[in-house]
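In: sequence plus the predicted model coming up.
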2 protein chains.
Amino acid sequence: MTNTKESPQTHFRSRLDIPNGQVDLSHGGGGRAMAQLIEDLFRHHLDNPLLRQGNDQALFGPVRGRLVMSTDGHVISPLFFHGGNIGSLAVHGTINDVAMAGARPLYLAAGFILEEGLPLADLERIVIAMAEASRAAGVPIVTGDTKVVERGKADGCFITTTGVGEVPEGIHISGELAAPGDAVLVSGSLGDHGIAILSRRENLGFGTDLQSDSAALHGLVADMIAAVPDIHCLRDPTRGGMAATLNELAAQSGVGMLIREAAIPLKPEVRGACELLGLDPLHIANEGKLIAICPAERAATLLAAMRAHPLGQESAIIGEVTQDPQRLIELETPFGGRRLLDWLSGEQLPRIC
Amino acid sequence: MTNTKESPQTHFRSRLDIPNGQVDLSHGGGGRAMAQLIEDLFRHHLDNPLLRQGNDQALFGPVRGRLVMSTDGHVISPLFFHGGNIGSLAVHGTINDVAMAGARPLYLAAGFILEEGLPLADLERIVIAMAEASRAAGVPIVTGDTKVVERGKADGCFITTTGVGEVPEGIHISGELAAPGDAVLVSGSLGDHGIAILSRRENLGFGTDLQSDSAALHGLVADMIAAVPDIHCLRDPTRGGMAATLNELAAQSGVGMLIREAAIPLKPEVRGACELLGLDPLHIANEGKLIAICPAERAATLLAAMRAHPLGQESAIIGEVTQDPQRLIELETPFGGRRLLDWLSGEQLPRIC
């Protein structure tokens, strides 16, 4: 058994060398190197009273309403991109999944899987981005975990975040509630995140000013349910894009949809990049947009509430829910024709989130 | 934009080829391949009413008491070992972290990061083990997420699980509550998990019958707090072993401890393997043991409750909390000497959980 004269009080006599250091296996070993990484880097930046409890779990006080829980792994490559990095994305992504139940996000947990050799300076940038995103959203990271794997057994940094939130009384938003006649809305331009990442990844000449739309949407959602409490469905079109989201909702609700292609907001850079590369912007991932479905007679009120929020200024009504036992998403082209909007069989853009 | 005659209803006309198939990037792409993986593999085995909601989050609720939340990434290598696999470990690990607050674990979320090329048959074995562990524990997996990274960018399968639980009224268990004079107890033999993994990993000749102790401890904890509601601290000695756990608790509570080495339960195979390899069993990870600290006058009652539970039959009182501003863990050797039990500086056994 270990016998050393060194006192446990001397563990952190020297601070972690963030500018020059790298993650090594000892940072995941449960010993003093891990304790120092947690203290000097994670707790330092993410500090809040619940995280400060210092146990293997966070304890918080009773929540009166119904709860939601959601988890999301983040494996985006590259780790840093226009409009954010994997840290801010991991905070926004899970806040949004919680918010899509109409819930107020309360707490986040973060699980890091780090590759040996990751510069500590990169990890710090990531953790700072998480801290900033978490504070801006008002949703603290209350507990976490760090694992380290050998060089070549992961790709820099993966982050799995989990969120819990509280659903306000009287709110019932779920994927199976779309009904024929309902209006379909989107909160802004599609494809920004995916094309920004692709541009960064491939070092393509286009869209260098295009930023990811990565953002926390719970404030927008709160305004929306305040205006229209009987929203039927909310979902953020991430992987697989709007095509996957609409097909999922149609399958869950047992309905079809008719979407007017000309009504879908698209940035010219995204349209141009997609034409160049033969990509469909409706299959491209978004990280700061949502699809909403509500009774037709409430659509104008909902649209006004969405446009009044900074993250929903370009919101649009893009179509309607139809009665269709085949659950097809039909797209009305600008020329008046119709075609099916299917979801992808294969993979268009791996590791987009 | 996509135009195909194929109906979305035909997505799953053929079932996933689990015996011969492999994970590929499309399984993480948000399209129909991912939907099929979720349907045929994850939902098929993990099925429960909350998971069946089919949204990006699970809705449950209200919970009357205080809540705890804990998250834990699992990167163990190898994925399969004596006594379990990464799936059962990921369920047990997070249930235990929730239970160590004295809480009743309620729900789990699971985030998978899969490497392209992982045999679907391996993934199914892992998911079946999760399902069995989750059912046996009575804690459903209510929401999840799957990401896939390219070959060589992960190591088969990583699983991050997050749990929420409810703390019974009147229970206050936390790492800073150890007080001088308190008794220190352990629920059974130490080092079984780490040595079982090491033996499997290195193909060593020893300990081939030794199983990981991976187990869900919430039932044991429930019996313990029923017998002794004023337990001060509970913690499971995973990475870093008992040495790390005792040092953490001492640091949090601002106390020292005196531990009698002869009182610590150790299996002969573990003792032998450690002697052979120059390892300290008190630094080796456990996945089905806990350390408890309670007022000295309640220790006999607590010990009896622990020994009455199948997972605590070998429980022992191993020492006491001392007044020590230096927060040292002293070990009384079988020969009457004393030495310090420090936590490790480096890494002894990477990827043990």
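Out: Cool, got the structure. Just so it is clear, the structure is predicted and the values come from calculations on it, not from any experiment.
In: A:I95 and A:G219 touch, don't they?
Out: No: contact criterion Cβ atoms under 8 Å: A:I95 and A:G219 do not qualify, at 9.8 Å. From N, CA and C alone the C-beta is placed, and that goes for glycine too.
In: among these two, which residue is more densely surrounded?
Out: Ranked by neighbour count (other Cβ atoms under 10 Å in any protein chain shown), A:I95 and A:G219 place A:I95 first, with 29 against 18.
In: secondary structure element holding that one?
Out: helix A:86-99 (DSSP states H and E).
In: show the contacting residues for A:V68.
Out: Neighbouring residues of A:V68 by Cβ atoms under 8 Å, 6 or more residues apart in numbering or on different chains: A:98, A:101, A:103, A:164-167, B:57-60.
In: follow-up on the earlier one: is the helix holding A:I95 in proximity to chain B?
Out: Yes: judged by Cβ under 8 Å from any Cβ of the partner chain, helix A:86-99 comes into contact with chain B at A:97-98.
In: and whichever strand or helix holds A:H44, what other elements does it pack with?
Out: Assessed by DSSP H and E, A:H44 sits inside helix A:44-46. Counting contacts by 3 or more Cβ pairs under 8 Å, 6 or more residues apart in numbering or on different chains; DSSP states H and E, helix A:44-46 packs against helix A:120-137.
In: name the residues of the helix it packs on that are buried.
Out: Neighbour-count burial for helix A:120-137 flags A:120, A:122-131, A:133-134, A:137 (criterion: 16 or more other Cβ atoms under 10 Å in any protein chain shown).
In: tell me the mean pLDDT over that helix?
Out: In this model, helix A:120-137 has a mean pLDDT of 98.
In: that one near chain B anywhere?
Out: No: Helix A:120-137 lies apart from chain B when judged by Cβ under 8 Å from any Cβ; the minimum separation is 13.8 Å.
In: chain center to the helix holding A:H44, what's the gap?
Out: 21 Å (Cα atoms, centre = their mean, to the nearest Å).
In: same thing with stretch A:233-242?
Out: Its chain's C-alpha centre lies 10 Å from the corresponding centre of stretch A:233-242 when counted by Cα atoms, centre = their mean.
In: got the CA positions of that stretch in CSV?
Out: Taking Å, rounded to 0.1, in the frame of the first residue of the first chain, the C-alpha atoms of stretch A:233-242 are listed here in CSV:
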residue,chain,number,x,y,z
CYS,A,233,-45.3,20.1,-31.5
LEU,A,234,-41.9,21.7,-31.2
ARG,A,235,-38.7,20.1,-32.5
ASP,A,236,-35.3,21.4,-33.5
PRO,A,237,-34.1,20.2,-36.9
THR,A,238,-30.6,19.0,-36.1
ARG,A,239,-29.0,16.0,-37.7
GLY,A,240,-31.0,15.1,-40.8
GLY,A,241,-32.3,18.6,-41.1
MET,A,242,-35.8,19.7,-41.6
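In: let me know the average pLDDT across it.
Out: The average pLDDT for stretch A:233-242 rounds to 96.
In: show me where pLDDT drops low in the stretch 101-250 of chain A?
Out: A:204-208 (pLDDT under 70).
In: can you show me the strands along it?
Out: With strands called from DSSP state E, counting those that start in this stretch, the stretch 101-250 of chain A shows them at A:104-115, A:141-149, A:157-167, A:183-186, A:233-235.
In: now the third one - C-alpha only, PDB.
Out: C-alpha atoms of strand A:157-167 as PDB (Å, rounded to 0.1, in the frame of the first residue of the first chain):
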ATOM      1  CA  CYS A 157     -13.000  15.700 -27.100                       C
ATOM      2  CA  PHE A 158     -16.500  14.300 -26.900                       C
ATOM      3  CA  ILE A 159     -19.100  15.900 -24.600                       C
ATOM      4  CA  THR A 160     -22.300  14.300 -23.600                       C
ATOM      5  CA  THR A 161     -24.700  16.700 -21.900                       C
ATOM      6  CA  THR A 162     -27.900  15.900 -20.100                       C
ATOM      7  CA  GLY A 163     -30.600  18.300 -19.100                       C
ATOM      8  CA  VAL A 164     -33.600  18.400 -16.900                       C
ATOM      9  CA  GLY A 165     -36.400  20.900 -17.100                       C
ATOM     10  CA  GLU A 166     -39.800  21.700 -15.700                       C
ATOM     11  CA  VAL A 167     -42.900  21.800 -17.900                       C
END
